[in-house]
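Novice: Sequence first, predicted model second:
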Amino acid sequence: MKRRVLLVSLLLVLALSLGASAEGVVTMMGVWGGQELEAFQEVMDAFTAKTGITVQFEGTRDLPTLLQTRIAAGNPPDVAALPGPGAMKEYVEQGALIDLNNVLDAKVLAEDYNDAWIELGTYQDGLYALTFAADIKSLVWYRPDVFAEKGYEVPATWEEMEALMDQMVANGDTPWAIGLESGAASGWPATDWIEDIMLRTAGPEVYDQWVNHEIPWTDERVQEAFEIFGKIARNSDYVYGGPVTVLSTNFGDSVAELFTDPPRAMMHRQASFVTSFIQDANPDVVIGEDVAFFGFPMIKPEHGNPMLGAGDMIGQFNDTPEAAAFMNFLASPEAQEIWANRLGKLGTNNKIDPAAYPDDLTRDMARLLNEADVFRFDGSDSMAAAVGSGAFWEGVLMYVGGDDLSDVLEFIENVAADSY
């Protein structure tokens, strides 16, 4: 192992020093298109400029199917984006992924990466995924000027959040704007709510058991998370328009209720990418001044404040020096600074120059993310597809629509039992 790491390190150093004189090709498969692909092309171009190694990128919107087909045929790409931790584990069990402990510089991993990122890519005592960038989901968006005008204070705990919601209602304001419509993917924003709540009421270990179906959906801890969400989403006093509006409003449009005059809602829970929806609909809004965020509050102190999110996970499928050199480059601050600067994504290497981020708000999000003791990947993205992007999505819509919770959880559990 030591000889291999040394060989890869020497190759990378040699390639970096020789520039365009180095030869070789890396094949990569990913889902990116449009602006994301343009940004990643800059990453690939920077790697080629340093090493002379060409990256041949193959884009697909149906990555899980195409990648699995190529693996089964014995012809996987050298490197590929991974759909999530669940898919990573499946590829490991098939023997398809290279252990990155034999590829990436151990010193770099120890010094440049939070333990949460190492844990996320670890399975069966091996490191099989590099989390190249992340989106943070545990955020509540609000307007600081409106809070100041009305005397509202940012809550640090769920008890304070409940008191704030009641204060808003007493003041004639509606606390939340929520939209669950997203075409064939309708319901996913509600799953994010429930996942954030599960992390804070049941803790990361139980969250993992839930995601892996090691506890049933009818478990009282799952029920508790649904009920906390339901107290908001099914209550017309707490959410703008009540359940009917929640179910019919597109997720990207719902944040607009914070910017009406007067505001129709005071808060909106959504991931870091919501800033693009805010700016598209409100070009005059200054992100970080006219709108800001605070972390989703702690619920049970013993579980602290874990961070929920998603990420761009990348794995290596072929054991070639060129692929190893590319993986080491992707792990570097230089590569991640390009990605973060162009897209507002959050890098995972803690040595990224903060100036690479496009604004102070994104810098604050990156700091919050990399200070988190616990990071968990989006639960529905980590579950079996029939559950995470099927019954779970459908079940939350049923619940917000008024169905009995026990019936909803029984429905999801039946699908899960058949899927695992």
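Specialist: Cool, the structure landed.
Novice: Okay, domains of the chain per the record?
Specialist: 2-136+310-377, 139-305+384-419 (automatic domain parsing).
Novice: okay if I get those domains as a markdown table plus mean pLDDT?
Specialist: Converted to a markdown table, these look like this (pLDDT from 0 to 100):
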| stretch | mean pLDDT |
| --- | --- |
| domain 2-136+310-377 | 87 |
| domain 139-305+384-419 | 96 |
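Novice: Let me have the ones you listed in a markdown table, adding mean neighbour count as columns.
Specialist: All C-beta atoms are positioned from the backbone trio N, CA, C, and that covers glycine. Listed next are the domains of the chain as a markdown table, based on neighbours: other CB atoms under 10 Å:
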| stretch | mean neighbour count |
| --- | --- |
| domain 2-136+310-377 | 18 |
| domain 139-305+384-419 | 18 |
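Novice: ok, residues contacting the helix or strand that contains W339?
Specialist: Following DSSP states H and E, one finds W339 within helix 333-343. By CB atoms under 8 Å, 6 or more residues apart in numbering, the surrounding residues in contact with helix 333-343 are 35-36, 38-40, 42-43, 46-47, 112, 132-133, 312, 329-330, 345-349, 351-353, 356-358, 362, 366.
Novice: Next step: those restricted to helices.
Specialist: Using DSSP state H, the subset of the contacts of helix 333-343 located in helices is 35-36, 38-40, 42-43, 46-47, 112, 329-330, 362, 366.
Novice: from those residues, which is closest to S182?
Specialist: E36 (18.6 Å; CB to CB).
Novice: Make TSV out of the ones in helices among the contacts of helix 333-343 and add distance to T320.
Specialist: Formatted as TSV, these follow (distance: CB to CB, whole Å):
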residue	distance to T320
Q35	30
E36	25
E38	27
A39	25
F40	20
E42	23
V43	19
A46	20
F47	14
D112	24
F329	14
L330	15
T362	35
A366	32
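Novice: Run through the residues that contact the closest residue in space to D237 that isn't next to it in sequence.
Specialist: Distances taken as CB to CB, 6 or more residues apart in numbering put V169 closest to D237, at 5.1 Å, once the chain neighbours are dropped. When contacts are counted by CB under 8 Å, 6+ apart, V169 touches P175, D237, Y238.
Novice: Could you do Q316 as well?
Specialist: D78, V79, L97, I98, L100, V103, A323, A324, M327.
Novice: OK, contacts around the residue found closest to it once you drop the neighbours it is linked to in the chain?
Specialist: Excluding the flanking residues, the one nearest Q316 by CB to CB, 6+ apart is I98, at 4.2 Å. Applying CB under 8 Å, 6+ apart, we find I98 in contact with Y128, G315, Q316, F317, N318, D319, A323.
Novice: what helix or strand is the residue nearest in space to the middle of the chain on?
Specialist: Among the residues of the chain, the one closest to the centroid is A310, at 1.3 Å (CA atoms, centre = their mean). Using DSSP H and E, A310 sits within strand 307-316.
Novice: Tell me which strands that strand pairs with, and in which orientation.
Specialist: strand 79-82 (antiparallel), strand 130-136 (antiparallel), strand 375-377 (parallel) (DSSP bridges).
Novice: starting at the chain centroid, how far to the last one?
Specialist: In this case it means strand 375-377. 8 Å (CA atoms, centre = their mean, to the nearest Å).
Novice: With the first one instead?
Specialist: Put simply, strand 79-82 sits 16 Å off its chain's centre (CA atoms, centre = their mean).
Novice: ok, which stretches of this structure are strands?
Specialist: 25-30, 54-59, 79-82, 122-123, 126-127, 130-136, 139-142, 267-269, 292-295, 307-316, 346-347, 375-377 (DSSP state E).
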